[in-house]
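In: Predicted structure and sequence below. I'll ask about it afterward.
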Amino acid sequence: MIKYLGSKRLLLPAITAVVGAVRDARVVLDLFSGTSRVGHALKGAGYQVIANDHNAYAATLARCYVEADRARAPEAEALLAELAQVPPAPGWFTRTYCEESRYFHPANGGRIEAIRNALAARTLDPELEAIALTSLMEAADRVDSTTGVQMAYLKQWARRAHNDLELRLPDLLDQPAAGKGRALQRDAFEAAGVEADVAYLDPPYNQHKYLGNYHVWETLIRWDQPETYGVARKRIDCRERKSVFNSKPRIADAMRRLVAAVRAPTLVVSFSDEGYLDRATMESILATRGEVRVFEHDYKRYVGAKIGIHDPRGRKVGRVSHVTNKERIFVVSAEPERVDWDALEVG
């Protein structure tokens, strides 16, 4: 899966254990699905997962990893084999992200662009298209020249940027016994009305905006040639599409409204100690739904924290104060008798 700020890869065992402690749970709603790592893991654990994210690239990842099943693999492999033979066709994408900026080497940019154009010219069903787009996104991620976010790019080409673009079949899973997964692209407050046994919430927690950090993926999926700005060549809507969860004055009220709107008896919430809400505030918000339990885990910060703070031109402008933080998993249930609390270690 793509490199991602806030990825819960290392927390997957803890998250699946918490959900697994909810007796007779079948349906899990993932309100901020991101890369769909959590949704994919929960699908693999046998749950019917409903994954939601308002960004197009994230909704595409969810359609691949949560909604599409392994039965689509043969036709997807055939499609990827065809796309791998498409000759390079550099144009707007290559000029914008390989010449005006340096996210990908132009040789790979031309191939990315040609494959994306070939997909746009076909009439594919949403699942098969999502599998192919995910394969392309992940192939581009493996040859990018960034530290993992698209706020900036490296001054010199990363070694991997010279590798050849390679399409690979995403890790598709069998349809779980609990039911086929679904991918939604809605505002979180709207998607909160979807009924489930467990709702998993991993909202943005500070100033880092996912659209701004992954704007190239948004453009690759939307394929809309947006107006861009700045050295990073961000989409113009990065200035316009804002989340209340990225606002320190507004996040507490937003979280209260979201928690009240969720239609699941058990809520599982991931939140970092680097977030705008401290532990006590989050507990008080969730306490409206029942008794709150908290599990803490030490966690390595994103890769950018290890190499220092840089401006958009790649100049080092500050030092990082720490390279680890605490990730907290909050659990609250209106049906606490259904949760096997003894199986979980409270932090």
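Out: Done, it's in.
In: And the strands in the stretch 151-300 of the chain?
Out: 182-184, 198-201, 228-229, 234-235, 266-272, 292-300 (DSSP state E, counting those that start in this stretch).
In: Contacts for the fourth one, please.
Out: Residues outside strand 234-235 that contact it (C-beta atoms under 8 Å, 6 or more residues apart in numbering): 150, 211-212, 215, 218-219, 226-228. The way it works is simple: take the backbone N, C-alpha and C, and place the C-beta from them, glycine included.
In: Any chance of these in a markdown table with pLDDT and distance to Arg72 as columns?
Out: Below are the contacts of strand 234-235 laid out as a markdown table (pLDDT from 0 to 100; distance: C-beta to C-beta, whole Å):
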| residue | pLDDT | distance to Arg72 |
| --- | --- | --- |
| Gln150 | 90 | 29 |
| Leu211 | 90 | 28 |
| Gly212 | 89 | 32 |
| His215 | 97 | 29 |
| Glu218 | 98 | 24 |
| Thr219 | 98 | 25 |
| Pro226 | 97 | 30 |
| Glu227 | 97 | 35 |
| Thr228 | 97 | 34 |
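In: out of those, who has the most neighbours?
Out: His215 (26 neighbours; other C-beta atoms under 10 Å).
In: separation between it and Met151?
Out: 9 Å (C-beta to C-beta, to the nearest Å).
In: if I look at the two, which residues touch both of them?
Out: Ala232.
In: picking that back up, can you tell me which of the contacts of strand 234-235 lies closest to Val244?
Out: Leu211 (13.8 Å; C-beta to C-beta).
In: In this structure the closest one contacts Asp237, no?
Out: Yes - Leu211 lies in contact with Asp237 (C-beta atoms under 8 Å); the separation is 7.5 Å.
In: so Leu169 touches Ala81, yeah?
Out: No - in this structure Leu169 lies outside contact range of Ala81 using C-beta under 8 Å: 9.9 Å.
In: Name the spans of the protein whose pLDDT lies under the cut-off.
Out: Judged by pLDDT under 70, the chain has its weakly predicted residues at 4, 6-7, 299-324, 345-347.
In: residues near the closest residue to Arg186 other than its chain neighbours, how many?
Out: Spatial nearest neighbour of Arg186, chain neighbours left out: Asn52 (5.7 Å); criterion: C-beta to C-beta, 6 or more residues apart in numbering. Counted with other C-beta under 10 Å, the neighbours of Asn52 add up to 25.
In: hmm, back to that, out of the contacts of strand 234-235, which is nearest to Glu335?
Out: Closest to Glu335, out of all of the contacts of strand 234-235 and judged by C-beta to C-beta, is Leu211, at 35.8 Å.
In: how much space between that closest one and Asp171?
Out: Taking C-beta to C-beta, one finds Leu211 at 25 Å from Asp171.
In: do the same with Lys248
Out: For Lys248, the distance to Asp171 - C-beta to C-beta - is 37 Å.
In: ok, now Asp278?
Out: From Asp278 to Asp171 the distance is 36 Å (C-beta to C-beta).
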